[in-house]
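Visitor: starting from these lines, generate the structure:
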Amino acid sequence: MNWLLRLQQRWNAKSAGQVVLILLVFALTGTSVVILRRLLKAHFDFAGTQWFTYTYYWLVLPFYNLLLLCYGFLFGQFRFFWEFEKRFFARIGSLITKK
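Guide: Just a heads-up that it's a prediction; the model follows:
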């Protein structure tokens, strides 16, 4: 359980229960994206092409982040994930401006 306390400190969570909820939101979001990919591959004929792979990875980022906020809201962790998203996009913005 040491890892749980480290995550609690890193994320400034109030309790170990909040850390578990945050991990649950990450798990549900990842699972949802995997299920979406399987559904799309089954539905489209071009699912085996590189075009599908590139398009999927290009579109999955905004969809993943939106799902993260939705699941965060449903589990009462919206504030944490809103701050998480702001930090994430600030990092992406700084990577883009460095080039």
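Visitor: wait, isn't Gln77 in contact with Val20?
Guide: No: applying CB atoms under 8 Å as the test, Gln77 and Val20 come out as separate, 10.5 Å apart. Backbone N, C-alpha and C define where each C-beta goes, glycine included.
Visitor: of the two, who's got more company?
Guide: More neighbours surround Gln77 than the other of Gln77 and Val20, with 20 against 15 (other CB atoms under 10 Å).
Visitor: tell me the backbone dihedrals of that one, please.
Guide: Per-residue torsions, Gln77: phi -120, psi 30 (degrees, to the nearest 10).
Visitor: over to Gly76?
Guide: Here is the backbone geometry of Gly76 (degrees, to the nearest 10): phi 70, psi 20.
Visitor: now do the contacts for the residue lying closest to it once chain neighbours are set aside.
Guide: Nearest residue to Gly76, sequence neighbours excluded (CB to CB, 6 or more residues apart in numbering): Leu21, at 7.1 Å. Leu21 sits next to 75-77 when contact means CB atoms under 8 Å, 6 or more residues apart in numbering.
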